[in-house]
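Visitor: take this sequence and fold it.
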Amino acid sequence: MAMKTGLRAFVILLLGLSASSLPGANPGFNVLFIAVDDLNVSLGCYDHPLVKSPNIDQLAARGVRFERAYCQYPLCNPSRSSLLSGLRPDTSRIYDNATPIRKVFPEIVTLPQLFKNNGYFSARVGKIYHYGVPGDIGTSGLDDAPSWNQFINPSGRDRDDQADVINFTPSRQLGAALCWMEAKGTDEEQTDGKVAAEAIRLLEQHRGRPFFIAVGFYRPHVPDVATKKYFDIYPLEKVLLPQEPDHIANIPPIALTTKPLNYGLDEEKLRRFKRAYFASISFVDAQVGKVLDSLDRMKLAENTIVVLFGDHGWSLGEHGQWQKQLLFEEVARVPLIIALPKAAVSGVSPRTVELVDIYPTLADYCGLKAPANLEGRSLRPLLENPKSRWLVPAITQQVRNRDGKTVMGYSVRTEHWRYTEWDGGAAGSELYDHLNDPNEWQNLAKDSRYAKTIADMKKLMPRARPDEIPSPSNSKKNDGN
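Guide: Model prediction:
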C-alpha cells in the first residue's frame, strides 16, 4: 500500500511539471476538438454500406483517417478522463461514470487546460467530460472547470419531449436502454442543433485569438434522436441485423453483457432501433457540417487543427450484444480523424493508435510542452506519413464482477491480432485473427497451434493486481452512460 501511495504522489508531482510552452514557442494552430458520443465506425468514410455521413466524410478526405483507432475503456467517463488527461485508466483508477479526474489528481493539467495556461481561449459546448445522457443534459455533469475560460450547456426540445421516447427495454434506464425518438420540430431546436449554433457563435466571437474550442455532440447516445428527414434516409427493409455463424459457445461468458442475447427482442424492434441509431448519426453529421462550414467561411480552417472522434464504439447486434462495456472490435474501435491546416498529406493510416495519443499529438503540433507523464504518443509520424512504421499496440480494458469480486479484462490489438484475457485468463481468454476473421467469430485461444502467438501477445498485456481494482460505483450515473 505504501508503494502504491508513493507512486500516486509521484504521478501527481509529474502532473504539475512541464505543462508550459516550449522555449520560444508562440501559440500557433487553433484547435477544433469534436467529440461525438457513442459513435462507432458506422460512417461512409469507414466504408459503411448504408450510413450517410457526407460532412464527416469530407473532413476525412482532407485529413488522416485512422483505420485502427481504439479507446482505452469502452465507457464514457473512463474513456474521456483518459484522453483528456493523457493517462490510462489503470493510472487514474477511473472505471466508472461517477469519478471526476480532478478528484483523483487535484493538480492535473488536462488537455484543454494546457492550452488555456498558454494563452489560448479554451471553451466547451456540450459533452466533453462525462455527463449522463439524457438526465444531465443542460447541466455541467462531471465537467472540469479549470479546463475552460467559458462553457455552455445547451438543452433542446429533445430533452423537453423525453416522454415521447420509445423504450424497447423498459427495465433499463433511458441512458442505457434500446430507446429512440423521432424528434418533433427542426434540427435547430434539438440539443445537438443548439450545440452547433453555440460552437459557431464562439468561433465568430473568438476568431481573432488562438483558441481551443471543444464541441461535444450528444448523439448517437441513447435515446437516439433525429428529425424525420434522417429516418427517411433509411428504409426499414434496408436495415439488417448481423448474420453470424453459431459461435457464442466459444466466447467466455464473462465477455458478454447482453443476456439473453439481443435482450430477447424480436427482429423488427432491433431493426427499428438500429435504424434510429443510423438516423441519429446522419443528424449529428449535419450539425458537424454546419460547424465545419463556418470554419471555412471565416477562413479559420487555414490555421486550425480539427480532431473528430467517438469516445468508444457501440455494438449493434454483433455476437448478440448491444451497447458498450465490451472488448469486441465493434466497441473498442472508434472513429478518429485529424485534419491539419494546409496539410501536405491526407489519407488512411492502417496503424493501431489510441485515443490517449490525442493529447501528446496536439501539444506537439501546437508547440506546447506537455506534462512529462503522458502515456500516449504523438501521432506526428503518422500524420506526416500515414503508413509510417509504427509497432505500438492498442490496449482496451473493462471491469467485470466475477463471483462477487471485481476483476479486469484486458484486450490487446495489433494490426493482425486481438487477444483478450479476463481476470488474467482465469475467467477465459480470446484470440482473433483479424486478417482472416475480422468479425471475431473464431476464438483461437484454445487452439494449440497458436500457442506462440498467445505467448507473444501476453508480453503486451498489462497486469492488474486484484487489490488495486476499485469496485465500480453503484451510482445511477453508471446507467446514464
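
Visitor: all helices for the stretch 201-350 of the chain, in order.
Guide: Assigned by DSSP state H, counting those that start in this stretch, the helices in the stretch 201-350 of the chain fall at 228-231, 267-297, 329-332.

Visitor: counting neighbours, what do you get for Pro74?
Guide: Neighbour count for Pro74, taken as other CB atoms under 10 Å: 30. For every residue, glycine as well, the C-beta is placed using N, CA and C.

Visitor: model confidence for Ala25, exactly?
Guide: Note on Ala25: pLDDT of 35.

Visitor: how about stretch 108-119: buried residues?
Guide: For stretch 108-119, a neighbour-count test (16 or more other CB atoms under 10 Å) marks 108-118 as buried.

Visitor: now the terminal residues of it, how far apart.
Guide: Criterion CA to CA, to the nearest Å; first-to-last residue distance in stretch 108-119 is 18 Å.

Visitor: quick one: Phe151 is in a strand?
Guide: Yes. Per DSSP: H, G, I helix; E, B strand; the rest coil, Phe151 lies within a strand segment.

Visitor: could you find the closest non-adjacent residue to it?
Guide: Nearest residue to Phe151, sequence neighbours excluded (CB to CB, 6 or more residues apart in numbering): Arg124, at 4.5 Å.

Visitor: cool, and Glu384?
Guide: In space, Glu384 is closest to Val345, 6.0 Å off (CB to CB, 6+ apart).

Visitor: which residues touch that neighbour?
Guide: 64, 383-386 (CB atoms under 8 Å, 6 or more residues apart in numbering).

Visitor: on that earlier part again, among the buried residues of stretch 108-119, which ones are in helices?
Guide: 111-117 (DSSP state H).

Visitor: out of the residues you listed, which is nearest to Gly310?
Guide: Leu111 (16.7 Å; CB to CB).

Visitor: tell me how far that closest one lies from Arg124.
Guide: 11 Å (CB to CB, to the nearest Å).

Visitor: okay, and the common contacts of the two?
Guide: Both Leu111 and Arg124 are in contact with Ser147, where contact means CB under 8 Å, 6+ apart.

Visitor: can you classify the nearest residue to Ile454 once chain neighbours are set aside as helix, strand or coil?
Guide: Distances taken as CB to CB, 6+ apart put Leu431 closest to Ile454, at 6.0 Å, once the chain neighbours are dropped. Of the three states, Leu431 takes strand under three-state DSSP.

Visitor: got it, and Pro386?
Guide: coil.

Visitor: same check, this time on the one 10 residues further on
Guide: Put simply, Thr396 is strand when judged by three-state DSSP.

Visitor: can you count the residues close to it?
Guide: Neighbour tally, Thr396, other CB under 10 Å: 30.

Visitor: mind showing which ranges of the stretch 301-450 of the chain have poor pLDDT?
Guide: Low-confidence segments of the stretch 301-450 of the chain, defined by pLDDT under 70, are absent.
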